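# next one to model:
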Amino acid sequence: MYAVIDKIEKNIAVLIWDDERKESYSLNDLPPDIREGDCLAGPPWKLDREETEKRRRINEERLNKLFEE
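Below you'll find the predicted structure:
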């Protein structure tokens with residue numbers, strides 16, 4: 001199961017799981033160099049760049065379709 005970083009404020013990251021649960025974690029407990037929109041697998045936490053890019057492409061395609069009409 002994956003969690004997406006919804007937002008980062010100060011030293012806290014808000015993660016949204018695939019089942020839409022929201023949880024907050026200290027940045028100290030997460031991989032370094034994460035940013036909003038990244039997909040994490042875990043715990044234990046691991047940044048999944050491939051899944052992140054896949055989801056970004058899907059979301060970009062959805063947005064493009066919305067604005068084409």
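# quick check: buried residues in the lengthiest strand in the chain?
Criterion DSSP state E: the longest strand present in the chain is strand 2-9. Neighbour counts over strand 2-9 (16 or more other C-beta atoms under 10 Å) mark Y2, A3, V4, I5 as buried. C-beta here means a position set from N, CA and C on the backbone, and glycine is covered the same way.
# how close does the last one sit to I12?
Per C-beta to C-beta, to the nearest Å, I5 is found 11 Å from I12.
# next one: the first one
The span separating Y2 from I12 equals 19 Å under the rule C-beta to C-beta.
# likewise the third one?
Computed with C-beta to C-beta, the distance linking V4 and I12 is 15 Å.
# try the second one
Here the distance between A3 and I12 works out to 14 Å (C-beta to C-beta).
# please enumerate the strands of the chain.
2-9, 12-17, 22-26, 39-41, 46-47.
# strand partners of the shortest one, parallel vs antiparallel please.
Think strand 46-47. Looking at strand 46-47 with DSSP bridges, its partner strands are strand 39-41 (antiparallel).
# avg pLDDT for the strand it pairs with?
Per-residue pLDDT over strand 39-41 has a mean of 97.
# if the closest residue to L15 other than its chain neighbours is in a bridge, with which residues?
Among residues not flanking L15 along the chain, A3 sits closest, at 4.0 Å (C-beta to C-beta, 6 or more residues apart in numbering). Assessed by DSSP bridges, A3 has beta-bridge partners W17, L40.
# local confidence estimate at A3?
You'll see A3 listed with a pLDDT of 97.
# thought it was touching P43?
No: using C-beta atoms under 8 Å, A3 makes no contact with P43, being 9.2 Å away.
# so what touches stretch 28-46?
Contacts to stretch 28-46, defined as C-beta atoms under 8 Å, 6 or more residues apart in numbering, come from residues 1-8, 11, 13, 15, 27, 47-49, 51-52, 55-56.
# ok, 10 Å please
1-8, 11, 13-15, 17-18, 25, 27, 47-56, 59 (C-beta atoms under 10 Å, 6 or more residues apart in numbering).
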